[in-house]
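> Show me the folded form of this:
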Amino acid sequence: MGFPGTWMTETESVVYRVVPKSACSTIGQIMYYSDHGEFFDGDIHDAQGGIHKWAMEDSQPLITANVKNHTSYSFTCVRNPYTRILSSFFDKICSIQRNGKRYRGNLVPLLIQKYGIEVGSPEEGFEFDQIKSFRRFLLFARDTIKYRRPMDPDIHWSAMSGHISTFIINGGRYDKIVWTEQFNDGMQQVLDGIKTPNPIELSGIPRFNESEGHGPTRAHPVEDYFDELSMHMMYEIYKKDFNLFKYDFENPGNKMPVGEIDLDEVHAKLGE
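Down below sits the predicted model:
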């Protein structure tokens with residue numbers, strides 16, 4: 001299986017396990033900048049050079065050797081499950097993608113047909129009942145994760161613990177798990193633990209949000225999208241994410257972590 005979703009700087013200063021919808025564009029650009037003194041021109045997910053990625057065959061033996069020997073500082077980044085699934089809905093389901101089309105071709109028509117979701121359109125200013133549609137999307141996400149139907153779960157809404165565990169199961173160990181909500185503090189700890197050819201001043205780094213501006217804006221506070229049934233489904237799907245990464249399940253309106261992440265506990269529970 002190897003180390004899917006793992007990126008590494010060309011200088012092997014640092015190794016990062018990508019978690020979709022958790023600041024991965026910004027982190028990838030920071031890694032690229034740390035080696036090259038400039039940002040990648042475009043979406044870092046499209047970069048085919050200048051950074052090692054597991055998806056690129058030539059990078060695989062280098063990443064494998066580094067991770068198995070824990071040669072470099074290794075980290076990942078997590079996000080509150082409530083805001084992460086909302087972001088997935090608005091970015092992947094409601095928005096027009098960078099290629100000018102809907103995400104995954106027939107996915108949105110399938111959701112409209114089978115789950116009665118509305119997504120609006122650019123011509124109508126993306127007007128639709130966001131709360132009703134989101135809750136129907138959440139039912140679909142639950143079906144994909146729990147029952148793998150009507151399709152396998154997508155990486156953007158599958159549990160963070162699943163992404164993070166592949167790294168551990170195959171012999172990797174994390175030195176740090178950064179919270180998106182305290183990004184500069186966590187990322188500074190990562191940078192303090194490594195040596196980079198080009199210095200990084202985090203306060204001057206832009207946020208690379210490649211999905212912004214191509215769809216509807218969230219019209220309500222986070223907590224308005226989650227009623228009691230939605231919260232029950234969230235716990236059913238993301239119980240490990242809430243517990244291991246110390247997020248507040250009881251209050252969807254509180255995006256901040258409520259405790260410290262115990263790295264030993266993460267490695268023990270996700271390495272089984």
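
> For the worst-scoring helix or strand of the chain on mean pLDDT, buried residues please.
Of all helical and strand segments in the chain, the minimum by mean pLDDT, DSSP states H and E falls on helix 107-115, at a mean of 94. Within helix 107-115, the residues scored as buried using 16 or more other C-beta atoms under 10 Å are 107-108, 111, 115. Every C-beta, even on glycine, is put in place using the N, C-alpha and C of the backbone.

> Equivalent analysis for stretch 236-245, please.
For stretch 236-245, by 16+ other C-beta under 10 Å, it's 237-238, 240-242, 244-245.

> Render the CA-only coordinates of it in PDB, please.
Taking Å, rounded to 0.1, in the frame of the first residue of the first chain, the C-alpha atoms of stretch 236-245 are listed here in PDB:
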ATOM      1  CA  GLU A 236     -21.500   8.000  13.600                       C
ATOM      2  CA  ILE A 237     -19.100   8.900  10.800                       C
ATOM      3  CA  TYR A 238     -16.400  11.000  12.600                       C
ATOM      4  CA  LYS A 239     -16.300   9.700  16.200                       C
ATOM      5  CA  LYS A 240     -12.600   9.000  16.000                       C
ATOM      6  CA  ASP A 241     -11.900  12.400  14.500                       C
ATOM      7  CA  PHE A 242     -13.700  14.200  17.300                       C
ATOM      8  CA  ASN A 243     -12.100  12.100  20.000                       C
ATOM      9  CA  LEU A 244      -8.500  11.800  18.700                       C
ATOM     10  CA  PHE A 245      -8.100  15.300  17.500                       C
END
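
> ok, longest strand in the protein?
strand 73-78 (DSSP state E).

> who does that one pair up with?
Applying DSSP bridges, strand 73-78 is found paired with strand 14-17 (parallel), strand 176-179 (parallel).

> Let me know the closest of the buried residues of helix 107-115 to Leu191.
The closest of the buried residues of helix 107-115 to Leu191 turns out to be Leu107 (C-beta to C-beta; 37.2 Å).

> All good on my end, thank you.
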